[in-house]
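**Q** for reference, the sequence and a predicted model appear below.
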Amino acid sequence: MTTYAIEVPAVVTLPVAGTDAKFPVRRVYCIGRNYAAHAIEMGHDPDREAPFFFQKNPNNLDVSGEFPYPAKSSDVHHELEMAVMLQSGGDNIAIEDALNHVFGYALSLDMTRRDLQGEQKKLGRPWEIGKAFERSAPVGIIHTVDDVGHLDRGRVELKVNGEVKQEGDLNQMIWKVPEMISYLSEYFTLAAGDVILSGTPAGVGPVQRGDTMDISIAGLGAMTVPVV
Ligand code: MN
């Protein structure tokens with residue numbers, strides 16, 4: 001039996017609807033700029049740019065139901081995203097095979113210290129201090145594929161203090177979930193426990209302490225996240 005030189009860090013786990021069994025998180029990938037603000041994509045678009053990804057840390061995912069306003073920023077933005085949870089993975093996964101690796105889906109927020117991200121962008125530096133801060137990704141309960149199927153269309157909405165700020169449809173994703181999984185698997189070995197935040201529709205903007213975010217995605221229900 002292995003003994004450890006220090007205390008073993010806790011495994012990050014997420015709740016799953018309809019069961020007490022938890023989903024253990026391995027890695028968190030986030031896709032950048034993935035919604036066309038206008039027309040629904042139909043098939044292949046030769047003009048679309050290759051997707052790009054960044055990562056958050058597994059323990060940035062937060063199921064507490066509230067978002068603590070982070071230090072070192074005065075411009076923290078909401079980004080409502082559908083999270084995709086993988087039950088298996090591999091390298092060079094074919095697009096046609098990709099959905100077989102999906103365990104379920106959840107509501108999530110890719111909260112962003114936009115001011116810090118902007119400074120890093122200007123300097124050509126990595127984004128971590130803007131993106132991968134503590135509790136930067138509030139996430140809801142996971143709905144399994146067995147329960148809700150695969151979600152590729154349906155309304156996506158975020159309100160701040162009752163006012164709609166972000167709205168779109170899952171079918172406006174430029175890179176669809178199977179394409180995202182396939183593309184990522186060319187660069188990384190995907191595996192059970194990986195989580196992909198699938199990008200945000202138009203309308204991102206700042207929140208303040210005391211605000212309330214109401215988020216919903218058709219098929220995944222709704223969640224209220226106060227900024228504390
Ligand atoms: Mn995002």
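**A** Received, thanks. Numbering: from 1, shown residues only.
**Q** just the closest residue of the chain to the ion, please.
**A** residue 110 (3.5 Å; Cβ to the ion). For the C-beta atoms, the positions are set from N, CA and C on the backbone; glycine is no exception.
**Q** surely residue 95 is in contact with residue 179?
**A** Yes. Assessed by Cβ atoms under 8 Å, residue 95 is found in contact with residue 179 at 5.8 Å.
**Q** how close does the residue of the chain closest to the ion sit to residue 116?
**A** Going from residue 110 to residue 116 by Cβ to Cβ, to the nearest Å gives 14 Å.
**Q** and residue 204, by the same measure?
**A** Separation of residue 204 from residue 116 (Cβ to Cβ): 15 Å.
**Q** between the two, which is the more surrounded one?
**A** residue 116 (21 against 16; other Cβ atoms under 10 Å).
**Q** any idea how far the residue nearest in space to the middle of the chain lies from residue 30?
**A** Geometric centre of the chain, nearest residue: residue 197, 2.3 Å, by Cα atoms, centre = their mean. Here residue 197 is placed at a distance of 4 Å from residue 30 (Cβ to Cβ).
**Q** contact distance from the ion - what residues of the chain qualify?
**A** For the chain, the residues in contact with the ion (Cβ under 5 Å from the ion) are 79, 110, 200.
**Q** neighbours of the residue lying closest to the second one once chain neighbours are set aside, how many?
**A** Of all residues beyond its chain neighbours, the one nearest residue 110 is residue 79 (4.1 Å), with distances taken as Cβ to Cβ, 6 or more residues apart in numbering. By other Cβ under 10 Å, the residues close to residue 79 number 22.
**Q** tell me where the model's unsure across the protein.
**A** Residues of the chain that meet the criterion pLDDT under 70 lie in 37-47.
**Q** most remote residue from the middle of it, which is it?
**A** Distance from the C-alpha centroid of the chain peaks at residue 1, with 36.1 Å (Cα atoms, centre = their mean).
**Q** so what pairs up with residue 77 in the strands?
**A** Note on residue 77: beta-bridge partners by DSSP bridges are residue 112, residue 206.
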